[in-house]
Structures are given as C-alpha cells and as structure tokens.
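In: next come a sequence and a model predicted from it.
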Amino acid sequence: MNLSVKLPGLNLKNPIMPASGCFGFGKEYSEYYDLSLLGGVMMKAATQFERLGNPTPRVAETSAGMLNAIGLQNPGVQQIIDHEVPRLAKYDTSIIANIAGSSIEEYEFVAASFNQTTDVDALELNISCPNVKEGGIQFGTDPFMAKKVTEVVKKASNKPVYVKLSPNVHNIVEMAKAVEEAGADGLSMINTLTGMKIHLPSRKPLIANKTGGLSGPAIKPVAIRMIYEVRQQVSIPIIGMGGITSAEDVLEYLIAGADAVAVGTANFQNPFVCVDIINELPEVLEQYGFNSIEDVIEKRGITV
Amino acid sequence: MRKRETMSVLSVTQIATDTFEMIAENSRISEQAKPGQFVHIYIPGHTLRRPISIAAVDPSTASVSLVFKAIGDGTKQLSNYLPGMQIDVLGPNGNGFSIDISEDERVLLIGGGVGVPPMYHLAKRLSEETSIDIVSVLGFQTKNAVFYEEEFNRIGETYIVTDDGSYGTHGVVTDIVGQFTDRTQYFSCGPLPMLRAVKSKLSHIPGKVSLEERMGCGVGACMACVLPTVDNHYKKICSEGPVFVAEEVVL
C-alpha cells in the first residue's frame, strides 16, 4: 500500500516521524532499527549557542502522560550542522530541524545557519516551548509575535518552514491564521500543555522547574480538537502530534485534518513504536476503507 | 542492533521493608550485564519505563537479579509479579563499573539504600574475577531496611550503618568511611547527598560514583536525566553513566 505523502519540502515515504525532543538526533534509536524506515526525523531543538537546560528532575510521570522540563538542552546550531546532521543524512529519510530562540534575532540566526546544509529538508519553528524562562513562549501565545517571528524566519531561510503551535492559547485558530498569513509553509500541532504535579509528603513539585509540558495519550483529544478546528480555517498542511501510540491514532489525526504525524512520548515506552506503527498502517487503513494515505487526506472529514 | 528483550519472572521475594528481589530469566542480559548497568522495564498502564539496577547475574542459569523499592504505583505493581510472567525490558543499559582493576588495589564499596544492589553486583564480580581486597560499607535508614548483609559478608569485611541506630553503627556511611585509611580507591552508589558527602570525605583517593535520576527514554535521547560536569557540560546518566569518575562530575 502506498503510504507516501508529499508536503512542502518533504517527500515522505510514510507519514510517521519521531517528534522533536523525543528522539535526540537519532543516534540512540539507530541502535534499535534502521532510521531509513521512517518518513522523516524531527531533530531536537537547535539554539544559537549550546544550552545546558533546566535542573533535574526534568521529568515526572502522570496519568496517561508525562511532564517534562528539559529546557532545550542542545549543543548549539553549528555543532548540530557539523556533527548531527551528517550522521542523520546517511539515512534515506527526511530531516526537519527544529529551531528555537530567546529573541527574534536568535531565531533568525539559527534559521539562516541551516542554509549551510542541503541535508536538512525543512525547518520546524519552535515558538511553543513552555519550559524556557526567557523568550520562546511569548512568540507562541501572541499572534502578533508569532507572525513577526515567522516572517523573519521565512526571510532568513531557504527551506520550507513549519510553525509548531502551542496549545496553551485561548484561540488556536487565530494563531494558525497569523502564521499562515506570515508565510508559513505548514503547521506542527501541538506542543505540550503546561502542567504540574506535586509530591504529597514533601509538598514539592515533582520537577525542578515546578511546571512542565504535559505530553502522551492524555493530550491526544486536545490535539485532535485543535487540528480539527484549524483545518476548517487554514489551508497549509498540518503535521499532527500529541499522544500517538498506534496506527489507529494516526488515522484519527489524518481524519481530523493532519497530513502527516509525529510520535513523541511513545518512543520512551517502546523504542520500536514508529516502525510498529508504519507496519500496522496498511492493515488499519484497509480496515477503514482507505487505499493510501493520500486517499485518507482526500476523503477526510468527520461524519456529523 | 539492539533487540526487544523479554524476561521471564522466576521469583519475587521481599527482602526488607518495601524492598523486593526479582529473579528473572534472560540469557543475553545475564551474559552481558556489567555491574552498575540497569534494565528499563515496561509496566503495563504506565507511560514511562522504570530503570531498575542489576544486583547480580548468573549466566549458567540465564538469571538476572533485580532489587527495587516498591514506593510508587509502578514498582508496587512490579512487586506483585508472579513466576512465569513475561516482562518487556530494554537492557542492559548504561555504562557500568569497570572490573579491570590492578590486583594490588584495596577497594572500598559504599552503598546506600537502593544503591546497595549495584554495589553487590560489583562486589560479586570483583570477588569472582579478581583477588582484590574489598571492604564494604552499607547504609540503610533502619534495621528493617537492611538487606544483602550476609551476601556482602561472604565477599569481605562489611559494615552496616543505620540512620536511626537500630542496627550496626548509628549514623551515616560518611561517619565511618574515613577510618579505612589503607583504601586505594572507592566505588559508591546511593542518593545524591550521600554521594556528595562520600566524594568530599574521600577526596584523597580516586572514586567512581553511580547516580540515579528520574529517566524519560532511558537510552540517551531525551536528555531528562543529566548531571553537570566540572567543565560546565552535562552528561546523560542513562547512557553516559550511570557510573562516572567522581572528580569529573558536580554532585
């Protein structure tokens, strides 16, 4: 069965990509399977300089999910271009670089830096990380700022730009429209929901940053709702993410309005989850009367 | 390539308050695991796997001993596993202690609470594969929390310390580790404050410490379980550790 899907800058052999922040730069999971099986890889966020991230503990388990506050730890964009991208480029898969910053200038610098390499196929503009104290999140919650940073990055980069939206907003459609107007080639939805967990005996938050981003199956209904709402109003492609663990989940995302998906937290539970989903997809599509991913996208929409 | 691993539970025994020893079968892990390494266990119904340190292996019976404290929902569930049940595990994960040590070394092993099991694995392997002189100091909260005393006694001189003085020496491990002045290096595993105190007390001899931290992926991808280094970087505990040279990390 044909699982391929074509998006701006991305010729995906299947719609499954590991989500940014959950897969590092692919090195660890390449010890479990051939990364060429994947539709693409969304790399961990890149900032201008090395970032050490937040104090530990950085993760806590919650019901059907996980809180994290890693704090964008990464070796800096040049190290990523010099050492991580060439290693990933050996695989027959698409590479999406996630770019983050604390200021418009930093986003611009990081976006322009990736022009050095033709091995990166697209950028994912991270304006929605809830775990960084200075910068980041205000670009993801204010439509004016989101539009501005998208415009700057589009101008600086020679690659298609997918803007990753935060669910921590009152009106997700307004945010999606703002970045579409700014020239975004696509959307990534959704990033994590801000959450908190308290350890009762000590009354302390379970993660050092106090709050963290909630991911995992707990957030899937929020993502499905937001993608559905945005799909009605926005025409650029959407890469959907949030709590995907199975081929059925992928189909639900595609029907709601996504064009491809990213799998995040589930990699931690099952390092083979992306390949398992890719293997299961043909049977699940057939079961629901579809003969390709493009067929789902053409016929999608929910029955009311 | 790393593979999907399954362990078959042989037994689960309570060996101290809230502390359980699970013996499970997996030939690859029993053959390959080094002291200090851990397995990452999937517990149905939980988003994250649980890292559990390996307390001993016996390649002749393909068995692996895992010791853990049943303190949260996941580990409590694990403590109720029955013989014959299959467990989905990743491992052995991480970098362990090297047992390639000169025969004239006189080592001090210091374990605290659930930091004792990897020390036992190390002690057992050192005693099986070398004739190195081993002294062990094991710290627990109270008498009912003490485990593996006899096992350590079979290997070498062993001292027990309890926080409340209900068994062994009253106090913490650092109250007595300084008295073993003939030791040439130390290996330690336990809570961070204990490792910090041990490193400070034994700064005159080289040491290796094994860290524990809440993990996400357990394989080095998510960067959740990191430890600052003296050169202002971070090391990943799950993949670059859990064992580190004491002088290289900030505890």
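Out: Thanks, I have it. Residues are numbered from 1 along each chain as shown, chains lettered A, B, ... in the order given.
In: contacts and neighbour counts: CA atoms only from here.
Out: OK.
In: spit out the contact partners of the residue in the stretch 151-300 of chain A that chain B sits nearest to.
Out: Residue of the stretch 151-300 of chain A nearest chain B, by C-alpha to the nearest C-alpha: residue A:268 (4.2 Å). Going by C-alpha atoms under 8 Å, 6 or more residues apart in numbering or on different chains, residue A:268 touches A:22, B:47, B:48, B:49, B:216, B:217, B:218.
In: next up, phi/psi of it, please.
Out: When read as degrees, to the nearest 10, the backbone of residue A:268 gives phi -70, psi -30.
In: what's the pLDDT at it?
Out: For residue A:268, the pLDDT comes out at 97.
In: break chain B into its domains for me.
Out: B:3-93, B:106-210 (the TED database).
In: can you add distance to chain A and mean neighbour count and give those domains back as JSON lines?
Out: Formatted as JSON lines, those follow (distance: least, C-alpha to the nearest C-alpha, whole Å; neighbours: other C-alpha atoms under 10 Å in any protein chain shown):
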{"stretch": "domain B:3-93", "distance to chain A": "6", "mean neighbour count": "20"}
{"stretch": "domain B:106-210", "distance to chain A": "12", "mean neighbour count": "19"}
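In: could you dump those into TSV and include mean pLDDT and distance to residue A:80?
Out: Formatted as TSV, the domains of chain B follow (pLDDT from 0 to 100; distance: least, C-alpha to C-alpha, whole Å):
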stretch	mean pLDDT	distance to residue A:80
domain B:3-93	96	25
domain B:106-210	96	29
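In: adding distance to residue B:236, write those out as a markdown table.
Out: As requested, the domains of chain B are exported to a markdown table (distance: least, C-alpha to C-alpha, whole Å):
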| stretch | distance to residue B:236 |
| --- | --- |
| domain B:3-93 | 12 |
| domain B:106-210 | 12 |
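In: on that earlier part again, pick out the most distant pair among the contacts of residue A:268.
Out: Greatest spatial distance in the contacts of residue A:268: A:22 and B:49, 14.4 Å, computed using C-alpha to C-alpha.
In: name the element the residue of chain A most remote from its centre belongs to?
Out: Distance from the C-alpha centroid of chain A, by C-alpha atoms, centre = their mean, peaks at residue A:201 (35.3 Å). Using DSSP states H and E, residue A:201 maps to neither a helix nor a strand.
In: pull up the residues of chain A that are close to chain B.
Out: A:21-33, A:52, A:56-66, A:68, A:70, A:73, A:216, A:265-269 (C-alpha under 8 Å from any C-alpha of the partner chain).
In: about what we covered before: just the contacts of residue A:268 now: which is nearest residue B:206?
Out: For the contacts of residue A:268, the nearest to residue B:206 is residue B:218 (27.5 Å; C-alpha to C-alpha).
In: which SS state does the closest residue to the closest one other than its chain neighbours fall under?
Out: Using C-alpha to C-alpha, 6 or more residues apart in numbering or on different chains and skipping the chain neighbours, the partner closest in space to residue B:218 is residue B:238 (5.3 Å). Under DSSP: H, G, I helix; E, B strand; the rest coil, residue B:238 falls in the coil class.
In: so what's residue B:238 up against?
Out: Taking C-alpha under 8 Å, 6+ apart, we find residue B:238 in contact with B:93, B:94, B:215, B:218, B:219, B:220, B:225.
In: in strands, which of the residues you listed fall?
Out: residue B:93 (DSSP state E).
In: okay if I get the contacts of residue B:238 as TSV plus distance to residue B:132?
Out: Output for those, formatted as TSV (distance: C-alpha to C-alpha, whole Å):
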residue	distance to residue B:132
B:93	26
B:94	25
B:215	34
B:218	32
B:219	32
B:220	33
B:225	33
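In: against residue A:107, how distant is residue A:85?
Out: 19 Å (C-alpha to C-alpha, to the nearest Å).
In: so which of the contacts of residue B:238 is the closest to residue A:181?
Out: residue B:220 (38.4 Å).
In: show the model's pLDDT score for the closest one.
Out: Value for residue B:220, per-residue pLDDT: 96.
In: let me know how buried it is, in neighbour terms.
Out: 26 (other C-alpha atoms under 10 Å in any protein chain shown).
In: which residue is the nearest non-sequential neighbour of it?
Out: The shortest distance from residue B:220 to any non-neighbouring residue, by C-alpha to C-alpha, 6+ apart, is to residue B:239 (5.0 Å).
In: that neighbour reaches residue B:218, doesn't it?
Out: Yes. The pair residue B:239 / residue B:218 is scored as a contact, 7.3 Å apart, by C-alpha atoms under 8 Å.
In: ok so, going back, the more surrounded of residue A:85 and residue A:107?
Out: With neighbours defined as other C-alpha under 10 Å, residue A:85 and residue A:107 compare such that residue A:107 has more, 26 against 22.
In: and that one, what does it touch?
Out: Taking C-alpha under 8 Å, 6+ apart as the test, what residue A:107 contacts is A:47, A:48, A:99, A:100, A:101, A:149, A:153.
In: where along the stretch 151-251 of chain B do the strands fall?
Out: B:157-162, B:169-170, B:185-189, B:207-210, B:226-228, B:234-236, B:243-245 (DSSP state E, counting those that start in this stretch).
In: quick one: list the elements packing against the third one.
Out: With contacts defined as 3 or more C-alpha pairs under 8 Å, 6 or more residues apart in numbering or on different chains; DSSP states H and E, the secondary structure elements packing on strand B:185-189 are strand B:106-112, helix B:116-129, helix B:192-201, strand B:207-210.
In: partners of the last one in the sheet?
Out: The reference is to strand B:207-210. Next to strand B:207-210 in the sheet, as set by DSSP bridges, lie strand B:185-189 (parallel), strand B:243-245 (antiparallel).
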